[in-house]
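Chemist: Below: sequence and its predicted model.
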Amino acid sequence: MAKGSIITLHFHHYKDVGTGAEVTRLTPTDVLCHRNYFYQKCFTRCGNRLLFAAEFSGQRNYYLLDIPRQQATQLTEGAGDNTFGGFLSPDDRYLYYVKNERELRKVDLTDYSETLVYRVPDEWTGYGTWVANSACTHLVGIEIDREDWEPLTDWSIFHTFYTKKPRCRLLRVDLSDGTTRTVHQDNVWLGHPIYRPFDDSCVAFCHEGPHDLVDARMWLVDDDGSNVRKVKSHAPGESCTHEFWVPDGSALIYVSYLKGQQARHICRFDPASGDNEVMMTMPACSHLMSNHDGTLLVGDGSGSPVDVQDAQGYTIDNDPWLYVFDTKSKRQARLAAHHSSWRVLDGDRQVTHPHPSFTPDNKQVLFTSDFEGQPALYLARLPDNLFG
């Protein structure tokens, strides 16, 4: 299939048996479909169109779903799309994504024409999710020395790759002309670069690897490469993960959990004061994402973490629920069951992860699950009386 091809979908509606929440499955259960990474822009501003990835053509490509019409338009073609890192521009005119770990491309959503913005040099490999600033004039990404790189097709390779101490650099790319400069470089596995919203001078990034081996996961650096500092030092037995900026830029929120404990903690870092605080205790959710100002959070219950070295010490009961948290009242509620398997599928470690986030109007939650077959996209509507 070619770019511009239109596929008609048939939504399936049901009520969650545990909560009564209205859930809509957007994509079929016999074709692999998934959403992008949870802090990347996937909805147009009006909320009527949704960016997602699917294998309708045999290759995994990007599509734009017109929700009222239940029609998906193919945006990219051919193999090699990084289908987690792509995002829509703030004005809804373009899709940005990385092809074949080497080419940062821009797709015009009016005629599907593509422009090469930046090409990774031959001695490097593009890695992970690349994130734009609020104005979408620059983005930050990670490149790994090509001599050190290997595809991370399962969690055992994830563990061994950490021990290699690969040469990595955090790169800033100008989206107008493709010029670049290195912000930070180290012989440490770097990941998750994220501009602080509305403050281009501050970039968050992480030291990647098994959570219980990384002594300080979250770091900040100024855009000019100066003032590298850690967000926090881990307490004994503590692991931190899945950090993100609240979309208004007010705080960095992350998940903290302790060896041998089922419950986890929602934590908040204030970049102005440098203070860390525990906002509230929560069930064993893996990913969190907030609404614009951080007053609401959504998380996906999970099982024992696979991205730790001491798997025995971190064993917990599986939690199949999506949760919504009110950070002001410190209340939480089950929204719906996602029942995702979290399995590695055909060498992809992320494709079955729910990665929940809110729709632009905060009335629904988007997530991925494979509980009915192949990974599919779902929308769960927040009841009016969610917190009783």
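Modeler: Right, received. Where do you want to start?
Chemist: so who does the nearest residue in space to His265 that is not next to it in sequence touch?
Modeler: The shortest distance from His265 to any non-neighbouring residue, by Cβ to Cβ, 6 or more residues apart in numbering, is to Ser256 (4.5 Å). Every residue, glycine included, has its C-beta placed from N, CA and C. With contacts defined as Cβ atoms under 8 Å, 6 or more residues apart in numbering, Ser256 is in contact with 238-240, 264-265, 267, 278.
Chemist: Only the buried members of the residues you listed: can you turn that into a ChimeraX selection?
Modeler: Selection command for ChimeraX covering only the buried members of the contacts of Ser256, criterion 16 or more other Cβ atoms under 10 Å:
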select :238,239,240,264,265,267
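Chemist: follow-up on the earlier one: bridge partners for the residue nearest to His265, pull those for me.
Modeler: As for beta bridges, Ser256 partners with Cys240, His265 under DSSP bridges.
Chemist: on that earlier part again, any chance of TSV for the contacts of Ser256, columns pLDDT?
Modeler: Formatted as TSV, the contacts of Ser256 follow (pLDDT from 0 to 100):
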residue	pLDDT
Glu238	93
Ser239	91
Cys240	93
Arg264	93
His265	96
Cys267	97
Val278	97
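Chemist: now the helices for the stretch 51-200 of the chain?
Modeler: In the stretch 51-200 of the chain, the helices defined using DSSP state H, counting those that start in this stretch lie at 155-163.
Chemist: Contacts for the helix or strand bottoming out on mean pLDDT in the chain next, please.
Modeler: Every helix and strand in the chain was compared by mean pLDDT, DSSP states H and E; the lowest is helix 155-163, with a mean of 86. With Cβ under 8 Å, 6+ apart as the test, helix 155-163 has contacts from 150-152, 189, 208-210, 213-214, 306-307, 309, 344, 349.
Chemist: Run a quick neighbour tally on Tyr97.
Modeler: Tyr97 has 27 neighbours, counted by other Cβ atoms under 10 Å.
Chemist: how about the nearest residue to it once chain neighbours are set aside, what does it touch?
Modeler: Spatially, and ignoring its direct neighbours in sequence, Tyr97 is nearest to Gly86 (3.5 Å; Cβ to Cβ, 6+ apart). Contacts for Gly86 (Cβ under 8 Å, 6+ apart) come out as 36, 40, 51, 53, 62, 95-98.
Chemist: Specify the beta-bridge partners of Val278.
Modeler: Cys267.
Chemist: Next, count neighbours for Lys230.
Modeler: Lys230, neighbours per other Cβ under 10 Å, totals 13.
Chemist: What of Glu277?
Modeler: 12.
Chemist: go on, the one 10 residues further on?
Modeler: Residues contacting His287 under the criterion other Cβ under 10 Å number 21.
Chemist: what about the closest residue to it other than its chain neighbours, helix or strand, and which?
Modeler: The shortest distance from His287 to any non-neighbouring residue, by Cβ to Cβ, 6+ apart, is to His242 (5.0 Å). Using DSSP states H and E, His242 maps to strand 238-245.
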